[in-house]
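> have a look at this fold, sequence not included:
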């Protein structure tokens, strides 16, 4: 069962399961999919009318397009605010894995990777509502225990460092706050939460995608998906009650996902945010336009080369080659991935993707000049946001809009920003870090004026 049936899940996990179904293996693993957000209802309805099937369009950097009907989602769980569809599927003995894609902010963790108890959503759930992955799983697993309580793997499929461990810590803390002692003990003994690394650039479907799909396949698809041709999934082989033979279709089953995870989060995800912020400030709309700008591409290249690679060395991966592959993937003009999509939820990306490199550089006795450009870009992005100069609606699930506006009313907004422990952890407020951000922000303000004149 998968919770969070967005474009990424349908271009990634569902694709692997579809390919596995084509292999005619002994065990037939299928996907039952639903969501915990009300805005998924229309998508679920559209997929239900198509028996869960849809077309995946993939495109290479050379513009070579491929179309494939994905058939692994064979059960659609309609949305309701009590999550009855998820509960009914989650208690079934054939449901051996409950996977989820809820984005980084959907785990409600602070910079110490602990559950953010002050979150309005978490507080609402402690009063009995269901609006996060924690509340949904609490409802599912309580009923699963009542029906016999077979073990189940809880599988995170998000760009969260140590996603299995950190989800599990958040869930356990949530159950403690909920005073669910029996469920807490059961979860500890009867669930595993392996760490994973997921990767495939999957933009929001463009308006012309359905017609393009129809011309290529003659299938009128109300819910097509498009993605880049590149795909990768690395999973720690730690499942409690069986798993699909995913290695048969290219999934890397490993003892520890750490090297792949660190490379992907620090090189791909952080660079993605870097170019999206910079491109937005330069008046650009798409990621491929951003990396075509020599100065923006250099910001990302310098960040990885000067700071990330030294931090991650030694590594089983060729990090310089990985950097170059990532930048080439970003340059794919056919994906048309928007700065709006990539820039979303940046408040959860700074502490998860970027602060670790800042911290490790200082710990190594090196000033993180190249990395500091990234949080400086986000500051200037926010500065433009409060002036209503961002050319799209910025979406951020954990942003406190009032606090952001108040920050820019302070005597020294940069010092306020650099002093935020939620963003920068132990670096927050340190004079050398505040000074570094002041310098980078002043440089980027001048750069923005230059590129827009």
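Received, thanks. Keep in mind it's a predicted model, so treat the numbers as computed, not measured. Residues are numbered from 1 along each chain as shown.
> what about residue 183, neighbour count?
For residue 183, the count of nearby residues is 17 (other CB atoms under 10 Å). Any C-beta I mention is one placed from the backbone N, CA and C, and that applies to glycine too.
> so for the top helix by length along the chain, what gets flagged as buried?
Across the chain, the longest stretch assigned as helix under DSSP state H is helix 431-451. Across helix 431-451, burial judged by 16 or more other CB atoms under 10 Å covers 433, 434, 436, 437, 438, 440, 441, 444, 447, 448.
> would you turn those into TSV with pLDDT?
Formatted as TSV, the buried residues of helix 431-451 follow (pLDDT from 0 to 100):
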residue	pLDDT
433	98
434	98
436	98
437	98
438	98
440	98
441	98
444	98
447	98
448	98
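> do you know how far residue 19 is from residue 224?
18 Å (CB to CB, to the nearest Å).
> in terms of neighbours, single out the busier of these two.
Neighbour totals were compared for residue 19 and residue 224, and residue 224 leads with 24 against 17 (other CB under 10 Å).
> the more buried one touches residue 208, doesn't it?
No: using CB atoms under 8 Å, residue 224 is not in contact with residue 208, being 10.6 Å away.
> show me what the longest helix of the chain is packed against.
When contacts are defined as 3 or more CB pairs under 8 Å, 6 or more residues apart in numbering; DSSP states H and E, helix 431-451 sits against helix 270-281, helix 355-363, helix 369-386, helix 413-418.
> so what touches the last one?
What that stands for is helix 413-418. Identification of contacts with helix 413-418 by CB atoms under 8 Å, 6 or more residues apart in numbering yields 375, 379, 382-383, 407, 410, 423-424, 427-429, 433-434, 437-438, 441.
> what angle separates the longest helix of the chain from helix 369-386?
60 degrees (axes from the mean of the first three to the mean of the last three CA atoms, to 10 degrees).
> now do helix 431-451: distance to the chain's middle.
Taking CA atoms, centre = their mean, to the nearest Å, one finds the center of helix 431-451 at 28 Å from the center of the full chain.
> stretch 395-406 too?
19 Å.
> quick one: contacts of that stretch?
By CB under 8 Å, 6+ apart, the residues outside stretch 395-406 that reach it are 103, 105-106, 108, 119, 340, 344-348, 382, 385-386.
> average pLDDT for it?
Across stretch 395-406, pLDDT averages out at 93.
> list the buried ones in stretch 21-40?
21, 29, 30, 31, 32, 33, 34, 35, 36, 40.
> ok, the second one to residue 88 distance?
In this case it means residue 29. From residue 29 to residue 88 the distance is 19 Å (CB to CB).
> which residues of the chain score low on pLDDT?
Within the chain, the stretches with pLDDT under 70 are 25, 27.
> ok, back up a step: which of the helices and strands packed on helix 431-451 is buried the deepest?
helix 270-281 (a mean of 26; mean count of other CB atoms under 10 Å).
> inside helices: which ones of the buried residues of stretch 21-40?
residue 21.
> and the two most separated of the buried residues of stretch 21-40?
21 and 36 (26.0 Å; CB to CB).
> the stretch 51-200 of the chain: helices as residue ranges?
84-90, 120-126, 133-146, 163-177, 181-190 (DSSP state H, counting those that start in this stretch).
> mind putting the helices and strands packed on helix 431-451 into TSV with distance to residue 319?
Converted to TSV, these look like this (distance: least, CB to CB, whole Å):
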stretch	distance to residue 319
helix 270-281	12
helix 355-363	13
helix 369-386	15
helix 413-418	28
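> nearest to residue 45, out of these?
That would be helix 270-281 among these, by CB to CB, at 31.1 Å.
> give me the domain ranges for this protein.
Per automatic domain parsing, the structural domains of the chain span 2-254, 258-451.
> kindly check the end-to-end length of the last one for me.
So that's domain 258-451. Chord length of domain 258-451, first to last residue, is 39 Å (CA to CA, to the nearest Å).
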